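Peer 1: Have a look at this prediction, sequence included:
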Amino acid sequence: MKRIFSEQILNWFDEHGRKDLPWQKKRTTYSVWLSEIMLQQTQVVTVIPYFERFMASFPTLEKLAAAHVDEVLHHWSGLGYYARGRNLHKAAQKVCTEFGAEFPQDMDGMISLPGIGRSTAAAILAQAHGLRHAILDGNVKRVLARFHGVEGWPGNKKIETRLWQFSEQHTPETRVADYTQGIMDLGATLCTRSRPDCAHCPLSDGCVALSEEKVGELPTPKPKKTKPIKSARMLVLINDQNQILLEKRPPTGIWGGLWSLPEIAMDADIESYCQQQWQFKVAVAEDAQSFRHTFSHYHFDITPCRVQVKNPSQCVMEAEQQVWYNSRQNHRLGLAAPVQTILNSLSEE
């Protein structure tokens, strides 16, 4: 079965697989690594423009390692899961300092880099060097769970271990780069989460889920939990020069290392807060329309509040943690997506 499965994938890939993606045109370990990190939990169509901008600004590993983290996160803004951007920068620095600017070509070395787990490491080694390593990203999990009729949420360790065994079993000895790209493409284009195109799938004859009419049930969804709702005001503090105060968030946690607007509880007193934090006097404070930003584990209801402040020159601020932002200037800052949305709405007024 191993040979038949991989041959079917490769034959399909030869005819229908994606072979002209930007990171495939001049395949290097650096370009493959960058694309694989960006593709974690993000679709190819979204990644392509980000990848191209990254390669234009950071064409080499050394350029990326030498860049300021704010510049890196500026290029990452809008791509989400920002820990990936921070880890990308850390990994580039580690490769330069500990591996002589050459990516390791073994699993242990690759996994030692920030932001790289088993499947990502395997994909990089297979795609960049043709080394035989099994992968198990979300698309591959879906293909294997359906083909073998594996029931149970793939996030469960026992189920995941079983899927890894199938992935190892099917990975061929040759054309590993094409096979890994092919099975990922199959999951992304035919064996999709909703409305899978079983009629054109090369694996349909042996697919357990199809024969047992369980395609819509597999892979088993994650047990649902009701997402909690959090809410806060984002203060748009504007000085006499029409500049907006931004604060750098802590390096870990939500939007870690990005620049954001100050947040306060909905029932907090704005005037007192501004006085205590920055010795600002509030001239006008006006709420705008609230909107919801959803994370993987909770909803965040944001109420932007436009606050005109006086005498900000008396405020003592840490240069690395706070900045007066002017949308008309070319700031190279990594901004949280909702913050970018709020700033864009102000610039359109």
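Peer 2: Right, received. Where do you want to start? Numbers count the residues shown, from 1 in each chain.
Peer 1: Do you have the strands of the stretch 101-250 of the chain handy? List them.
Peer 2: Per DSSP state E, counting those that start in this stretch, the stretch 101-250 of the chain carries strands over the ranges 229-238, 244-248.
Peer 1: Any idea which of these gets closest to Met110?
Peer 2: strand 244-248 (30.7 Å; CB to CB). Placement of C-beta: from N, CA and C, glycine included.
Peer 1: now this structure, which segments are flagged as low pLDDT?
Peer 2: 1-2, 311-319, 327-331, 347-349 (pLDDT under 70).
Peer 1: Residue ranges of each domain in it, please.
Peer 2: 2-135+171-189, 229-347 (automatic domain parsing).
Peer 1: Of the ones you listed, which stretch is the most buried?
Peer 2: When neighbours are counted by mean count of other CB atoms under 10 Å, the highest per-stretch mean among the domains of the chain falls to domain 2-135+171-189, a mean of 18.
Peer 1: residues contacting Phe103?
Peer 2: 29-30, 33, 61, 95, 110, 124, 128 (CB atoms under 8 Å, 6 or more residues apart in numbering).
Peer 1: closest to His148 among those residues?
Peer 2: Closest approach to His148 among the contacts of Phe103 (CB to CB): Ile124, at 25.8 Å.
Peer 1: wait, doesn't that closest one sit right on Leu34?
Peer 2: No. Contact criterion CB atoms under 8 Å: Ile124 and Leu34 do not qualify, at 9.8 Å.
Peer 1: Who are the contact partners of the residue nearest to Val176 when sequence neighbours are not counted?
Peer 2: Distances taken as CB to CB, 6 or more residues apart in numbering place Ala126 nearest to Val176, at 4.6 Å, with adjacent residues excluded. Going by CB under 8 Å, 6+ apart, Ala126 touches 132-133, 135, 176-177, 179-180.
Peer 1: Kindly provide the distance from Ala126 to Arg132.
Peer 2: 7 Å (CB to CB, to the nearest Å).
Peer 1: which residues are in contact with both of these two?
Peer 2: The contact sets of Ala126 and Arg132 overlap at Val176 (CB under 8 Å, 6+ apart).
Peer 1: if we can go back for a sec, show only the entries of the contacts of Ala126 found in helices.
Peer 2: Counted as lying in helices by DSSP state H, out of those, are 176-177, 179-180.
Peer 1: and the residues you listed as CSV, adding distance to His293?
Peer 2: Converted to CSV, the ones in helices among the contacts of Ala126 look like this (distance: CB to CB, whole Å):
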residue, distance to His293
Val176, 40
Ala177, 38
Tyr179, 38
Thr180, 34
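Peer 1: can you tell me which residues contact the spatially closest residue to Leu21 that is not a sequence neighbour?
Peer 2: Of all residues not flanking Leu21 in the chain, Val44 sits nearest, at 6.8 Å (CB to CB, 6+ apart). Counting by CB under 8 Å, 6+ apart, Val44 makes contact with 18, 21, 188.
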